[in-house]
Structures are given as C-alpha cells and as structure tokens.
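K.L.:
coordinates only, sequence not included:
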Ligand SMILES: Nc1ncnc2c1ncn2[C@@H]1O[C@H](COP(=O)(O)OP(=O)(O)OP(=O)(O)O)[C@@H](O)[C@H]1O
Ligand SMILES: [Mg+2]
C-alpha cells in the first residue's frame, strides 16, 4: 500500500527520520520570475525543499512546472530569485565542484576521449597525474566504461555518453549530484539498465542526488522521496515517501503501486496545492 506523507519525515531511505540530520541542501521559500519584454512568468512560487545527506530525491511534474529552474538554482547556475538556497550551511552564490550537474544532453567535449573527459575536472583542480589516473580508472569501472576509455564521444551510444557524463560528474567527488532528466533521450532497455547502474553506484558511494524526471516509475525506482510539482506557478504539491528495499526494478509490484500513487497526484496537479508541504 502506498505511503503518502506530507511531512516526508517517515523517510524510506538511509537518511531516516531517526537521525534527522541537518539538510545538506535547503531551498527555502524560493520564488522565481522570468521577465521578458512580452511577459512575466512566475516559474516557482514559494518552493521549500530540504534534502538530507545521502538522500535520493526525485522531482516529477508537468512540462514547464519549474523543475529545471529549481535544479539550476540548487546548482548555482541561476542566482536571481527570491528566497534562500543554502548548501552545507552556506548560501549558494554560484556553481561549485561540490555540486555536479548531469544534463539530458551529455555535456562532453567531443575533441577529448572518454578518459580525458572524465579527467578534465581533476586537472582543473590540480590533482596530480598518478592520482588522476587512479580516480578515472575507478570511475570508469563504476559505470562499466573501462573498455571504452580511449573512445571519442561520437563513437559512443547514448547510454555510454550518459555513463561517461556520470563518471565525469562523480570523478570530482561532488557532495550532491544534480541530474536533469539524464535518461530521457535513451531507449527503454538502456534506461532500465542505467537505472539499475545508478542505484548500484549510489549505494556504493552514498552521494546525495536530486534527480528530475518525467518518468514516474523511474522516480519510484530511484528515489527515497518523490516530489510532485504542480505548474503555473511551480509549487510543490506533495512529497511521497518510497520506503522500498533496493535494488528496485520496474516489474516490482510495490514500485507499480507507488508509481500509481505518484501518477494520481500528477493527474490532479491542476487542483490547489496542499496548504502544507513542509519537510
Ligand atoms: N530563460 C527563460 N526565460 C523565460 N522563461 C523561462 C526561461 N526558462 C524557463 N522559463 C519558464 O519558466 C517555466 C519553468 O521552466 P522550466 O524549464 O524550469 O520547466 P521544467 O519543469 O523543467 O519543464 P520541462 O519538463 O519541459 O523540462 C516555464 O514556464 C518556462 O517557460
Ligand atoms: Mg526541464
């Protein structure tokens, strides 16, 4: 039976309510306007979301509800908003290596091979060569790409590009991974495979993840909590706990039940949001 919680404190994942740690990332009362000469769009309206250390949060919502806008604010790509975005106790003022971003379209350098792409951020950081090689080897093994380390980006499939992008993001040991529909452009089979791989990577390295997706089942497979947003203006309508054991697969009955609960919330996103969505 689906467990739906307004407070999100029942927590199904490792970041349980028992420890109730300080949030790693706190987005408090975030409102965002996009003003152009033609219109003023309220993209986010008083959004509050607290992400605990090691938590995997998935965000779902209709197109245009402000998911990417929220992720960009968390990343520090967008700093022009009302409210407060705090990461590890300090206001977010710009991009930082502790917050790695993975986009739908892999942002890899086509003139570098896979190894050099993954190594790129480490070089910028001044990590010594020998140490860089070890880290890159480890990350490529983690995402099953070791055999393709010398391949150029155009020689990779879509799934392999996303693996490479994930390895590059992980190489700099970010404290949070911000992922914006990273699997959206992949075929169903590759997507299933990468969902399993991401679960395994996450279980091993235990990083915190904020993951945007349109795919409800994917959100339930991956998340400790699923945040359902409503559009125009973007608000958090409901936060649903996913207290299921891992690894999870698309065929699990419990996954299907909880996906139905999330879908129910999404189908009613036109309704007034709940007055309370504190977490
Ligand atoms: N640079 C911009 N200038 C003007 N309006 C923008 C800009 N970026 C986003 N918006 C508007 O803000 C709202 C939220 O956009 P956002 O991209 O965050 O939605 P989303 O939930 O990520 O949608 P999708 O699921 O389609 O990716 C939309 O109404 C969009 O038109
Ligand atoms: Mg988007």
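P.N.:
Sure thing, it's come through. As the structure is a prediction and not an experimental result, all values here were calculated from the model. Ligands and ions are numbered 1, 2, ... in the order given.
K.L.:
does stretch 67-83 come close to ligand 1?
P.N.:
Yes: using Cβ under 6 Å from any ligand atom, stretch 67-83 reaches ligand 1 at 67-69. For the C-beta atoms, the positions are set from N, CA and C on the backbone; glycine is no exception.
K.L.:
my bad, stretch 103-117
P.N.:
No: Stretch 103-117 stays clear of ligand 1 (Cβ under 6 Å from any ligand atom), getting no nearer than 8.3 Å.
K.L.:
Which positions in that stretch come out as buried?
P.N.:
For stretch 103-117, burial by neighbour count (16 or more other Cβ atoms under 10 Å) applies to 103-104, 106, 108, 113-117.
K.L.:
Equivalent analysis for stretch 219-230, please.
P.N.:
For stretch 219-230, by 16+ other Cβ under 10 Å, it's 219-230.
K.L.:
Does anything pack onto the longest helix along the chain? Which helices or strands?
P.N.:
Counting by DSSP state H, the longest helix found in the chain is helix 188-205. Packing partners of helix 188-205 (3 or more Cβ pairs under 8 Å, 6 or more residues apart in numbering; DSSP states H and E): helix 129-142, helix 158-171, helix 216-222.
K.L.:
could these be laid out in JSON lines, adding mean pLDDT and distance to ligand 1?
P.N.:
Listed next are those as JSON lines, based on pLDDT from 0 to 100; distance: least, Cβ to the nearest ligand atom, whole Å:
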{"stretch": "helix 129-142", "mean pLDDT": "94", "distance to ligand 1": "27"}
{"stretch": "helix 158-171", "mean pLDDT": "90", "distance to ligand 1": "17"}
{"stretch": "helix 216-222", "mean pLDDT": "96", "distance to ligand 1": "13"}
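K.L.:
How is the protein divided into domains?
P.N.:
Following automatic domain parsing, one finds the domains of the chain at 1-98+174-279, 109-172.
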